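Peer 1: Based on what follows, work out the 3D shape:
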Amino acid sequence: MQSLEQNKNEDNLKLLVANMKHRWQKVALGGGERAIKKQHEQGKMTARERVSALIDPKSEFTEIGAFAAYNMYEEYGGCPAGGVVCGLGYVQKRLCVIVANDATVKAGAWFPITGKKNLRAQEIAIENRLPIIYLVDSAGVFLPMQDEIFPDKEHFGRIFRNNAQMSAMGIPQIAAVMGSCVAGGAYLPIMSDEALIVEKTGSIFLAGPYLVKAAIGEEVDAETLGGAFMHNHISGVCDYEMPNDQACIDKIRSLVGKLGPFEKANFDRIKPVAPQFPVENIYQVYPENGAKPYDMRQLMLHLVDNSEMDEYKAGYGKTIICAYARIDGWSVGIVANQREVVKSAKGEMQFGGVIYSDSADKAARFIMNCNQKRIPLVFLQDVTGFMVGSRSEQGGIIKDGAKMVNAVANSVVPKITIVVGNSYGAGNYAMCGKAYDPRFIFAWPTAQIAVMGGTQAAKTLLQIKVSSLKKQGKEIDEATEAALLKEIQDKYAEQTTPYYAAARLWVDEIIDPKDTRKLISLSLEAANHNPNIPPFKTGVLQT
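Peer 2: So this is what the prediction gives:
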């Protein structure tokens, strides 16, 4: 029988999940119903329709970056999902990365976040040695923001550099031109291994008819300049000429179905066993008030096979739980923040969610063990940072924290990160945040990512603001100070939400908590496709 507290927890999380799905439904409309209708009138499928037709029947598409650009670029009317649909899907029973430009959003033009999202998709393909399929339908760079998408290392041009390197790595790349493909973007399909183009709707050229007229005075129509017939019968740029979107997708499926076998990492996996707890009961574990303590082990028991774990150093460093387990049959090492208030080995009280010296030391050794044994790592983040204060500093918290960060940074086995709750400060780094190259990083709707907690940050920022105003000779009364504090708190609270993080691709996706086990398993399946695991080295570790 559920307790009142469990009921509150469940209701709160279900409400957050419902809110997330409602937001996603709006995002999934892309440029809106009118733009979708226009695409259909042109004889074209939408990006999401193309993806649905491409993946195997009754299989799921795991989207990456659905909330990219969420509440961004409002001055330009927004850019839902960054104007591109990306994710993992099975094509002919083979796991692939799929990238589909959404032409309902500004004609598929590339905003800065569009480039970042495309690069993330390529990064996933590279790290996991997965085939990648591009469904191209884009007007090219969004010119009002060209300075933020064109010249830098992580900008548009990096896409083509990756095309070349992925080809050298032997990662299959198939590109289908199903709409516009202009200017620099024209290199993407042609730098892929094979290129398809759809008659009448597909076109490839470095400069369109208007620019050609302006540049050299030649008058030419789009079909003659870069249509399907020209590129298949005259230039030889493309390999397959397809009559429509569906035929093009069928041809891609046929090509993927004939790919040869590839070597795998062979991470240990046995027949999966479901946890002893129903998957939906995971909603009952995380507290309605995210600041409340709870036992992270209870959450873990909802994820691991048969709810069984071999806990490492259970009586030491209790604010981090380290355990060997299986998730959907895969052997994993789990590193998780314990949010309960516990006693250290010396009998001292330790606050939940804080990393102490003994916890950091334990976690570093466990991470090294997993690398030694070729066991993938799963991080469950709910961390408020490292312990502060004179006692911790004198005890060498920086040294022990650095040891853990070193182990995470140099880890060579796949790392999967789930941001369950708080992800603050250096705790984000030590628990394998985005900067530490997790193969995949997902966030619950309860996640909060920031340099420090909202209350501490707001008070610190308030002190700075008040001090600055006083230096200007302004008197600050209590009412003014209270108004300033609220303004700071509201702004900071907005910046710590999972949607703010997902909009900027600090996390790959916001997920329903009950899908956590399934997504960890899929991530490990993807990671298993890359057999290249270098030797594990840590360099200098302070002891």
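Peer 1: In the stretch 201-350 of the chain, what residue spans correspond to strands?
Peer 2: With strands called from DSSP state E, counting those that start in this stretch, the stretch 201-350 of the chain shows them at 203-205, 240-242, 310-312, 320-327, 330-337, 342-343, 349-350.
Peer 1: quick one: low-confidence parts of the stretch 51-200 of the chain?
Peer 2: The model of the stretch 51-200 of the chain has pLDDT under 70 over residues 184.
Peer 1: And the helices in it?
Peer 2: Secondary structure of the stretch 51-200 of the chain (DSSP state H, counting those that start in this stretch): helices at 112-128, 157-169, 187-190.
Peer 1: could you dump the ones you listed to TSV with distance to Lys258?
Peer 2: Every residue, glycine included, has its C-beta placed from N, CA and C. TSV is the format used below for these (distance: least, C-beta to C-beta, whole Å):
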stretch	distance to Lys258
helix 112-128	19
helix 157-169	18
helix 187-190	19
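Peer 1: May I see these organised as JSON lines, with mean neighbour count added?
Peer 2: Converted to JSON lines, the helices of the stretch 51-200 of the chain look like this (neighbours: other C-beta atoms under 10 Å):
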{"stretch": "helix 112-128", "mean neighbour count": "22"}
{"stretch": "helix 157-169", "mean neighbour count": "16"}
{"stretch": "helix 187-190", "mean neighbour count": "21"}
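Peer 1: tell me the mean pLDDT for stretch 415-427?
Peer 2: Mean per-residue pLDDT for stretch 415-427: 95.
Peer 1: how about that stretch as PDB, C-alpha atoms only?
Peer 2: Extracted in PDB, the C-alpha atoms of stretch 415-427 (Å, rounded to 0.1, in the frame of the first residue of the first chain):
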ATOM      1  CA  LYS A 415      29.700   6.400 -19.700                       C
ATOM      2  CA  ILE A 416      25.900   7.000 -19.600                       C
ATOM      3  CA  THR A 417      24.700   9.900 -17.400                       C
ATOM      4  CA  ILE A 418      21.200  10.400 -16.000                       C
ATOM      5  CA  VAL A 419      20.500  13.700 -14.300                       C
ATOM      6  CA  VAL A 420      17.800  12.800 -11.800                       C
ATOM      7  CA  GLY A 421      17.700  15.900  -9.700                       C
ATOM      8  CA  ASN A 422      20.400  18.500  -8.800                       C
ATOM      9  CA  SER A 423      23.500  18.800 -10.800                       C
ATOM     10  CA  TYR A 424      25.500  21.700  -9.300                       C
ATOM     11  CA  GLY A 425      29.000  23.000  -9.600                       C
ATOM     12  CA  ALA A 426      32.000  20.700  -9.700                       C
ATOM     13  CA  GLY A 427      29.600  17.900  -8.700                       C
END
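Peer 1: Dump stretch 199-212 to PDB, keeping only the CA atoms.
Peer 2: Only the C-alpha atoms of stretch 199-212 are listed here, as PDB (Å, rounded to 0.1, in the frame of the first residue of the first chain):
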ATOM      1  CA  GLU A 199      12.900  14.100 -58.800                       C
ATOM      2  CA  LYS A 200      11.300  17.600 -59.000                       C
ATOM      3  CA  THR A 201      11.700  18.400 -55.300                       C
ATOM      4  CA  GLY A 202      15.400  17.700 -54.800                       C
ATOM      5  CA  SER A 203      18.100  20.100 -55.900                       C
ATOM      6  CA  ILE A 204      21.800  20.500 -55.300                       C
ATOM      7  CA  PHE A 205      23.900  23.600 -56.200                       C
ATOM      8  CA  LEU A 206      26.500  25.800 -54.800                       C
ATOM      9  CA  ALA A 207      24.500  28.800 -55.900                       C
ATOM     10  CA  GLY A 208      20.800  29.000 -56.800                       C
ATOM     11  CA  PRO A 209      19.400  30.600 -60.000                       C
ATOM     12  CA  TYR A 210      19.100  34.100 -58.500                       C
ATOM     13  CA  LEU A 211      22.700  34.100 -57.200                       C
ATOM     14  CA  VAL A 212      24.000  32.700 -60.500                       C
END
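Peer 1: Need the residues that contact that stretch.
Peer 2: Residues outside stretch 199-212 that contact it (C-beta atoms under 8 Å, 6 or more residues apart in numbering): 42-44, 177-183, 186, 189-190, 197, 215, 218-223, 225-229, 231, 237-238, 241-245.
Peer 1: centre of the chain versus the longest helix belonging to the chain, how much separation?
Peer 2: Longest helix of the chain, by residue count under DSSP state H: helix 4-28. Computed by C-alpha atoms, centre = their mean, to the nearest Å, the chain-centroid distance of helix 4-28 equals 20 Å.
Peer 1: ok, now stretch 27-45?
Peer 2: 26 Å.
Peer 1: What mean pLDDT does it get?
Peer 2: 96.
Peer 1: That stretch: which residues count as buried?
Peer 2: Across stretch 27-45, burial judged by 16 or more other C-beta atoms under 10 Å covers Val27, Leu29, Gly30, Gly31, Ala35, Ile36, Gln39, Lys44, Met45.
Peer 1: Residues touching that stretch, excluding its own?
Peer 2: So stretch 27-45 is contacted by 46-48, 53, 66-67, 70, 80-81, 83, 102-106, 137, 178-179, 200-201, 244-246 (C-beta under 8 Å, 6+ apart).
Peer 1: Buried members of these into ChimeraX, please.
Peer 2: To isolate in ChimeraX the members of the contacts of stretch 27-45 that are buried, counting by 16+ other C-beta under 10 Å, one can use:
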select :46,47,48,53,66,67,70,80,81,83,102,103,104,105,106,137,178,179,201,244,245
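Peer 1: buried ones in stretch 270-280?
Peer 2: By neighbour count, with 16+ other C-beta under 10 Å as the criterion, the buried positions of stretch 270-280 are Pro275, Val279.
Peer 1: can you check stretch 384-397 too?
Peer 2: Result for stretch 384-397 [16+ other C-beta under 10 Å]: buried residues Thr384, Gly385, Phe386, Met387, Ser392, Gly396, Ile397.
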